[in-house]
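Participant: Pasting the sequence and the predicted model now:
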Protein chains: 2
Amino acid sequence: MTDARPLEDFGPTDAMVADVFQRDCTSRQLLEAVTGRWGVLTVVGLRDGAVRFNALRRRIDGVSEKMLAQTLQTLERDGVVVREVRATIPPHVEYSLTALGRRVADDLTRLIDVLEGATVEVAASQRAYDARRDA
Amino acid sequence: MTDARPLEDFGPTDAMVADVFQRDCTSRQLLEAVTGRWGVLTVVGLRDGAVRFNALRRRIDGVSEKMLAQTLQTLERDGVVVREVRATIPPHVEYSLTALGRRVADDLTRLIDVLEGATVEVAASQRAYDARRDA
């Protein structure tokens, strides 16, 4: 016990602090799932309630069937999305958000509002950057 | 002028509404830049002020020199990051956030707080999912 800190100062958080900057942290994997190429649009696309696979796919312009299925599977495994089979005739599958998923969707929606409000400014920045490069 | 809407009902927003769900929208490209594999960590890593390339690279565990350089270049072009050469001896290059970058960083930080607080819950969900698959 030569460590400078008394034992009682080592709490459970010493070993358990989550840090997205560390590549092996669960929170980093989760960050990559909800911000990956299709993760953001999938989570935000489910924000207004349960949606069927094909309806979600139509909304997310450019996503392939395979990529959307993979994205939904990862998000389901991480506890962000719930997959439910409805006992209709014929039966159909719906996806919705968990409580965690709704919190993530709220934060992502706020981010998207900022980005959608910045398109004119961003396009101007891109033109100026390209002009400097070409000069 | 056989369109059902009178001309004055067509405002500038008819052509200019930004929508991240549309693949060609500037906001979608911007979303991919700030949420791409390294975009989030780069933006958030600059949140506390100007940082040099190597310091940023050390902080973002797992990023290669090439990927960080590419990420910073895209973010600079989009007007999220500023690159400045300091006239020190020897001169050095620092990166910092623009006003838009700071707003993006604030939203991403809120998201990361949610994710870092959810690691125990997410790990439990992953174990349960894998157990169902193996059953």
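Facilitator: Everything's here; your move. Numbers count the residues shown, from 1 in each chain, chains lettered A, B, ... in the order given.
Participant: What segments of chain A are strands?
Facilitator: Taking DSSP state E as the test, the strands found in chain A are A:51-52, A:81-86, A:92-97.
Participant: Nearest to chain B, out of those strands?
Facilitator: Ranking the strands of chain A by their distance to chain B (criterion: CB to the nearest CB) puts strand A:81-86 first, at 10.2 Å. All C-beta atoms are positioned from the backbone trio N, CA, C, and that covers glycine.
Participant: tell me the angle of that closest one relative to strand A:92-97?
Facilitator: The directions of strand A:81-86 and strand A:92-97 differ by 150 degrees, with axes from the mean of the first three to the mean of the last three CA atoms, to 10 degrees as the criterion.
Participant: can strand A:81-86 be found next to chain B?
Facilitator: No - Strand A:81-86 lies out of reach of chain B by CB under 8 Å from any CB of the partner chain, never closer than 10.2 Å.
Participant: Pull up the pairing partners for that strand, direction included.
Facilitator: Within its sheet, and counting by DSSP bridges, strand A:81-86 is paired with strand A:92-97 (antiparallel).
Participant: contacts for the partner strand?
Facilitator: Applying CB atoms under 8 Å, 6 or more residues apart in numbering or on different chains, the external contacts of strand A:92-97 come out as A:43, A:46-47, A:49-53, A:56, A:72, A:80-86, A:104-105.
Participant: CA atoms only: put it into PDB for me.
Facilitator: What follows is strand A:92-97, C-alpha atoms only, in PDB (Å, rounded to 0.1, in the frame of the first residue of the first chain):
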ATOM      1  CA  HIS A  92     -45.200  -7.700 -40.300                       C
ATOM      2  CA  VAL A  93     -42.100  -6.400 -38.600                       C
ATOM      3  CA  GLU A  94     -41.900  -3.000 -37.000                       C
ATOM      4  CA  TYR A  95     -38.900  -1.100 -35.600                       C
ATOM      5  CA  SER A  96     -39.000   1.500 -32.800                       C
ATOM      6  CA  LEU A  97     -36.700   3.200 -30.300                       C
END
